[in-house]
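Asks: Build the 3D model from these lines:
(chains A and B)
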Amino acid sequence: MEIPYTVEARPDTGLPNAKLGIWLFLASEVMLFGALFSSYVLLRT
Amino acid sequence: MALVDERAHGHAEAHHEELGFWRKYVFSQDHKVIGLQYGFTALTFLLFGFSLMMMMRWSIAYPNQPIPLIGKLLKASGGIIAPELYNQLGAMHGTIMVFLGIVPLAVGAFGNYIVPLQIGAPDMAFPKLNMASYWAYFVGGVIMLASFFAPGGAAQSGWTSYPPLSDIAPTGQTLWLFGMLALIISSVLGSMNFITTIVQLRAPGLTWMRLPFFVWAQLVTSFLLLLAFPALQAAAVLQGMDRLAGTSFFLPSGLVVSGQQLQVAGGGSPLLWQHLFWFLAHPEVYVLILPAFGIIAEVIANNTRKPLWGYRSMVYAVTFLGFMSFIVWAHHMFMTGMGTAMSTFFQTTTMIISIPSVVVLTALIISLWGASIRFTVPMLFALAFLPMFAIGGLTGLPLGLAPADIHLHDTYYVIGHFHYVVAPGTIFAMFAGIYYWFPKITGRKMSSVLGHLHFWPSFLFINGVFMPMFIQGMAGVQRRLYDGGASYSHAQGVLHWNVFMSISAWCLALSQIPFIINLFWSIWKGKKVDSNPWGATTLEWAAAPSPPIAHGNFAEIPTVVRGPYDYSLPGAAQDFVPQHQEA
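Replies: So this is what the prediction gives:
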C-alpha cells in the first residue's frame, strides 16, 4: 500500500501531504504562543 | 493502465509482508486498527466516568450514609462519600467523559475508521502520526487514572480547574495538568492528520460538495481541535508553573486561604485562566456535537432512503458554526464582572451561533418528511437524538443571555442543559454510529432484539435523570454540592427529586448491559451480512468489502461520479446508487 501525494504534489491543491501538514502544525503553534504572549501582555498592563 | 497494474502489484506485495503481533495489533499504523484501539479505550473510559457518577448519585440522594457494595473500600470515612472525595469524583467525571471518552470516540474512533473509507483513501495521510496520537492519548489516560492514587487524591477543582482553588489544590491537580498536556498533543497530531487526509487524499472525482456530511463534520471538528486546544496547552503550562515553580500567573495579591494570607508573589489574574480555558472549552463543546451531527446525517439519509434535505445549507452551517465557535467563549463568564460591553458582545455572538445549529437540526428533521422510514436500531437512536438535542440546545438560550444567566448560572439547570446536549445527544449518536458501522468493521450485524432492549429503557431513564435537573435548577439549587442541596433551605421544596434522579441513573446503568453483551456477542456470533447490508451509497459501504482489506482499504481506488446521497433516484435499478457508479 502506498499513500498518494507523499512525494509529488496533488494537482488541484498544489501541495504534497507533508507541506500541508506542517503548515497546519504551525497554525496550531501560533495559537499556543499567541495564548502565552497575550497572557504575558495582559499581566504586564 | 500500466500504473494501475504496478499499484495492484505493489499492493499485493505489501499484503504478503507479514507484520508481527505487536506491529499488527498494538503499535499499528493502520487507521482501522488505530480506530478500534481508540474506540475500545474510549468506551472503557466512558464506562469508568459513568461509574464515578453512579457513586456521586448515591451521595446526592443519600448524603452522609455509607454507600453499599463499594463502601468497604472507603475505610477512612466509614463508607461515606466525603465532600473531598465527591469533589474528586465530580472533577474526574467531567474530565474523563469529555477528554477521554467522547472526543476520542467521536473523532479518534469514528473519524479514524470511517473518514479514509468514505473519501476513498488507502489510509490516513500520516500513519505514524496517527499511531503517535493514539499513544499520547493512552499516556494521558494513564496519568489521569494514576492521579486517583496521588496524595490528597485526584484533581478536585472541577473539570474547569478554576484558580485560585486549583493552584493550591493537592498533587492530583499537577497530574491533571500533565495528563491534559498529553491529551492536547494527541488532539493536535490527530487533527493535523485528519485535515491533511481530507484535503489531499480524496478519491478522484470526490469534490467538496460530493463529500458525505460526516466527513464535513469531521473536517470542521479537526480545525476546532487544531486551533482551540493550544490555548489550554498554554494555560496548563502557566498553571503548572504556578504550582511547581512559584509563579503567580493566576494568583492575585493578598489572597487569604483558611484565615491565613497565602505566601505567594501575587499580581496574577484568576480571570485570565477562565478566558484561556473557555477559549478552548467552548469550541470543545462543538467538537462534542459536530461528529454527532455527521453520524446522525448518515444514518438518517440511509434509513429514510432519500437525499438529505438541504445538504449544501448544512455544509455552510457547520462551517459557519466552526468559525463562530471561536468568539462565544465568554458567555460562560457573565458572572465574573467582566463588564457589560463584553457581556453584550458575547451574548450577541451566542444568539448568532444558535442559528447554524438550528439550520442543521431543521434540515435533519425535514429530511424525515415523506420518507418511508426503516426503524432500524441505529435509526431509533438517530430519531431520539433530534428532540433530545433540541431540548439541550433550546435550554441553552436562556444561559446565553446575560440577564437570565444571572439567575441560572452554576445551578442544576446548567447541568441539565449540557447533559441533554452531550448524553442523550452525542452519546446516543455514538450508539447510532456503533450499531450502524458495526457490520462494516466485523462483517456481522448486531442483534436487533438486544438493540431494542438497550434503546427503550435508555431513552426513558436518561430523561428521568436529566429532566428534573431543570426544575431543581430553576429553584436555585447549585451544582457541585455533595449533599445535593440538603443543607440549603431554598432547595427543600425540590429535594425529593434527588432520589428519583439517582434511581433513574442506576436503571440507566442497568440498561447499558444489553449493549455490552450485544457488542461482544455480535463480534463472534452476530448474523453474517454482505458488504453493504444497509444499502448505502457512500464509498465505505459501496466500494469496499466488509471488513475492509487490512492494508489499503480498496482493491482499487474508486472514481466518484455523483453526490453522497443518491437514494431513490427515479429510473435507477435499486433504491440507491453508489457514489462511484453510473446510474
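
Asks: Report the secondary structure state of the residue most central in space within chain A.
Replies: Taking Cα atoms, centre = their mean, the centroid of chain A lies closest to A:L24, which sits 2.3 Å from it. The assignment at A:L24 comes out as helix when based on DSSP: H, G, I helix; E, B strand; the rest coil.

Asks: State the phi and psi torsions of the residue lying closest to it once chain neighbours are set aside.
Replies: Counting by Cβ to Cβ, 6 or more residues apart in numbering or on different chains, A:L24 lies nearest to B:M192, which is 4.6 Å off, once chain neighbours are set aside. For glycine as for every other residue, the C-beta is placed from the backbone atoms N, C-alpha and C. Backbone geometry at B:M192, expressed as degrees, to the nearest 10, gives phi -50, psi -50.

Asks: Look at B:M192 and say how many residues are nearby.
Replies: 25 (other Cβ atoms under 10 Å in any protein chain shown).

Asks: just B:I67 next, same as before
Replies: The local packing of B:I67 (other Cβ under 10 Å) involves 18 other residues.

Asks: Let me see the contact set for it.
Replies: B:55, B:58-59, B:74, B:79-81 (Cβ atoms under 8 Å, 6 or more residues apart in numbering or on different chains).

Asks: Quick one: the helices in the stretch 51-200 of chain B, in order.
Replies: For the stretch 51-200 of chain B, the helices defined by DSSP state H, counting those that start in this stretch cover B:83-95, B:103, B:112-118, B:127-146, B:172-200.

Asks: I'd like those helices written out as JSON lines, with mean pLDDT and distance to B:P68 added.
Replies: Listed next are the helices of the stretch 51-200 of chain B as JSON lines, based on pLDDT from 0 to 100; distance: least, Cβ to Cβ, whole Å:
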{"stretch": "helix B:83-95", "mean pLDDT": "95", "distance to B:P68": "16"}
{"stretch": "helix B:103", "mean pLDDT": "96", "distance to B:P68": "33"}
{"stretch": "helix B:112-118", "mean pLDDT": "96", "distance to B:P68": "40"}
{"stretch": "helix B:127-146", "mean pLDDT": "97", "distance to B:P68": "24"}
{"stretch": "helix B:172-200", "mean pLDDT": "97", "distance to B:P68": "26"}
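
Asks: Out of the contacts of B:I67, the closest to chain A would be?
Replies: B:M55 (35.2 Å; Cβ to the nearest Cβ).

Asks: Around chain B, pick out the residues from chain A.
Replies: Within chain A, the positions adjacent to chain B are A:1-5, A:10, A:13, A:15, A:17-18, A:20-21, A:24-25, A:27-29, A:31-33, A:35-36, A:39, A:42-43 by Cβ under 8 Å from any Cβ of the partner chain.

Asks: Figure out which of the helices of the stretch 51-200 of chain B is closest to B:Q472.
Replies: Within the helices of the stretch 51-200 of chain B, the stretch nearest B:Q472 is helix B:83-95; the backing value is 16.1 Å (Cβ to Cβ).

Asks: between that closest one and helix B:172-200, how many degrees?
Replies: 10 degrees (axes from the mean of the first three to the mean of the last three Cα atoms, to 10 degrees).

Asks: Can you tell me which helices and strands helix B:83-95 packs against?
Replies: Counting contacts by 3 or more Cβ pairs under 8 Å, 6 or more residues apart in numbering or on different chains; DSSP states H and E, helix B:83-95 packs against helix B:31-61, helix B:172-200.

Asks: Can you pick out the ones from the residues of chain A next to chain B that are in strands?
Replies: Among the residues of chain A next to chain B, no member falls in strands (DSSP state E).

Asks: Quickly compare the helices and strands packed on helix B:83-95 and say which is most buried.
Replies: helix B:172-200 (a mean of 25; mean count of other Cβ atoms under 10 Å in any protein chain shown).

Asks: Just want the angle from it to helix B:127-146.
Replies: If you take the same axes, to 10 degrees, helix B:172-200 sits at 160 degrees to helix B:127-146.

Asks: Now do helix B:172-200 and helix B:31-61, the angle between them.
Replies: Angle, helix B:172-200 to helix B:31-61, by the same axes, to 10 degrees: 140 degrees.

Asks: Tell me how far helix B:172-200 lies from the chain's centre.
Replies: Taking the mean of its C-alpha atoms, helix B:172-200 sits 14 Å from the chain's own mean (Cα atoms, centre = their mean, to the nearest Å).

Asks: likewise stretch B:237-249?
Replies: 30 Å.

Asks: same thing with stretch B:561-568?
Replies: 29 Å.

Asks: Any figure for the gap between B:M144 and chain A?
Replies: 21 Å (Cβ to the nearest Cβ, to the nearest Å).

Asks: tally of neighbours for that residue?
Replies: With other Cβ under 10 Å as criterion, B:M144 counts 26.

Asks: which residues touch it?
Replies: Shown in contact with B:M144 (Cβ under 8 Å, 6+ apart): B:92, B:95-96, B:100, B:154, B:175-176, B:179.

Asks: got it, and B:M124?
Replies: B:31, B:112, B:116, B:130, B:193-194, B:197, B:201 are the contacts of B:M124 under Cβ under 8 Å, 6+ apart.

Asks: could I get the residues you listed as JSON lines with distance to chain A?
Replies: Formatted as JSON lines, the contacts of B:M124 follow (distance: Cβ to the nearest Cβ, whole Å):
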{"residue": "B:H31", "distance to chain A": "11"}
{"residue": "B:N112", "distance to chain A": "15"}
{"residue": "B:P116", "distance to chain A": "10"}
{"residue": "B:N130", "distance to chain A": "11"}
{"residue": "B:N193", "distance to chain A": "7"}
{"residue": "B:F194", "distance to chain A": "10"}
{"residue": "B:T197", "distance to chain A": "8"}
{"residue": "B:L201", "distance to chain A": "6"}
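
Asks: before we move on, back to that, please identify which of the helices of the stretch 51-200 of chain B is closest to B:F520.
Replies: helix B:112-118 (18.2 Å).

Asks: other SSEs contacting that closest one?
Replies: Counting by 3+ Cβ pairs under 8 Å, 6+ apart, helix B:112-118 packs on helix B:31-61, helix B:172-200, helix B:213-244, helix B:428-442, helix B:539-542.

Asks: sorry, back to before: may I ask which of the contacts of B:I67 comes out lowest in pLDDT?
Replies: pLDDT across the contacts of B:I67 is lowest for B:L74, at 80.

Asks: right, and that one touches B:Q88 too?
Replies: No. Using Cβ atoms under 8 Å, B:L74 is not in contact with B:Q88, being 11.9 Å away.

Asks: More neighbours: which of these two?
Replies: Between B:L74 and B:Q88, counted using other Cβ under 10 Å, B:Q88 has the larger neighbour count: 24 against 16.

Asks: what separates the more buried one from chain A, distance-wise?
Replies: With distances taken as Cβ to the nearest Cβ, B:Q88 is found 28 Å from chain A.
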